[in-house]
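> The following comprises the amino acid sequence and a computationally predicted model.
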Amino acid sequence: MKTLLALLAAVPLAAFGAEGYRLDRSPHDPRDLVSLQSGARTYMNYCLGCHGLQFMRYEGLKELGLSEAQIRDNLMFTAEKLGEPVKIAFNPKDAKSWFGVAPPDLSVVARSRGPDWLYTYLRTFYRDPKSPTGWNNAVFPNVGMPHALWALQGQRGLEVVANKEGGHAAVQYKWSEIAKGTQTAAEYDATVRDLVNFLVYVAEPSGIERRPIGIVVLFVLGVLFVFAYLLKKEYWKDVK
């Protein structure tokens, strides 16, 4: 009986913990070419070492307003031809033996995880001496990935405090600064926004064009529905 009561008492706290860290809204805008270009640069310099984009070809970066020369000279690190996919520099089998699991491809991560999750995840890394990599994440506890952008953001600590107020369990996240990065907090948030923006574009390059087309299609279907309804009434008006 005591065990059952203890479990029941822990339910509110467990339910709150299951909700996880509150996600921030991502301020990305796939129509902002400057932001997309900045995000592509950040990805190629900080993420491509471990994570590829197998469904994206270097040639596709021309849609961001970049010339072939700009892509070849500044962004194309793992291929010789523009038509090749954006792949990592080493063998995935080697990566699995080094890290225990091959780093995932990020072609559609913005669709599977969502922009808000990515935006918050990339901004909530903290130092954790108990972790094999020395890093942990508030959104993805016990993540195996180290903080690839730590030189930009700096090093932070996190203290998670659970307390009960008014019979409800509450979790407070207390952040602290351990070491400064090369960017201010606002600059780092802008860098993450651009990176998320690029990943959203990669996940669905035709997304900007698809939405207006979808609106037009729904409008046309609505008009056709009216005519179909009037035609149906005309055919069945004498049927009792």
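Sure thing, it's come through.

> what's the least confident helix or strand in this protein, going by average pLDDT?
Least confident helix or strand of the chain, by mean pLDDT, DSSP states H and E, is helix 2-19 with a mean of 36.

> contacting residues around stretch 46-63?
40, 43, 68, 71, 75-79, 81-89, 95, 103-108, 148-149, 195, 202, 205 (C-beta atoms under 8 Å, 6 or more residues apart in numbering). Using the backbone N, CA and C atoms, a C-beta is placed for each residue, glycine as well.

> Of those residues, grab the buried ones for PyMOL.
Filtering the contacts of stretch 46-63 down to the buried ones (16 or more other C-beta atoms under 10 Å) takes a single PyMOL command:
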select buried, resi 40+43+71+75+76+78+85+86+87+88+95+103+105+106+107+148+149+195+202+205
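
> Among the contacts of stretch 46-63, which lie within strands?
85, 86 (DSSP state E).

> from the contacts of stretch 46-63, which ones fall inside helices?
40, 43, 68, 71, 95, 195, 202 (DSSP state H).

> Which residue is the nearest non-sequential neighbour of the second one?
Distances taken as C-beta to C-beta, 6 or more residues apart in numbering put residue 198 closest to residue 43, at 5.7 Å, once the chain neighbours are dropped.

> could you list every residue that touches that neighbour?
Going by C-beta under 8 Å, 6+ apart, residue 198 touches 35, 36, 38, 39, 40, 42, 43.

> remind me, longest helix of this protein?
helix 207-235.

> mean confidence score for that one?
Helix 207-235 shows a mean pLDDT of 76.

> do the same with stretch 66-81
Per-residue scores along stretch 66-81 average to 89.

> before we move on, back to that, could I get the contacts of residue 198 in TSV, plus columns for pLDDT and distance to residue 112?
Shown next, in TSV, are the contacts of residue 198 (pLDDT from 0 to 100; distance: C-beta to C-beta, whole Å):
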residue	pLDDT	distance to residue 112
35	96	22
36	96	20
38	96	23
39	96	18
40	96	20
42	96	20
43	96	17
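
> Which of the residues you listed sits closest to residue 122?
Each of those was checked against residue 122 using C-beta to C-beta; the closest is residue 42, at 10.1 Å.

> my guess is the closest one contacts residue 191, does it?
Yes. Between residue 42 and residue 191 there is a contact at 5.9 Å, judged by C-beta atoms under 8 Å.

> And for residue 51, the neighbour number?
Counted by other C-beta atoms under 10 Å, the residues lying close to residue 51 total 22.

> how close does it get to residue 176?
Going from residue 51 to residue 176 by C-beta to C-beta, to the nearest Å gives 29 Å.

> What of residue 205?
For residue 205 relative to residue 176 (C-beta to C-beta), the value is 40 Å.

> pLDDT at the spatially most central residue of the chain, what is it?
Nearest to the geometric centre of the chain sits residue 118, at 2.7 Å (C-alpha atoms, centre = their mean). For residue 118, the model assigns a pLDDT of 97.
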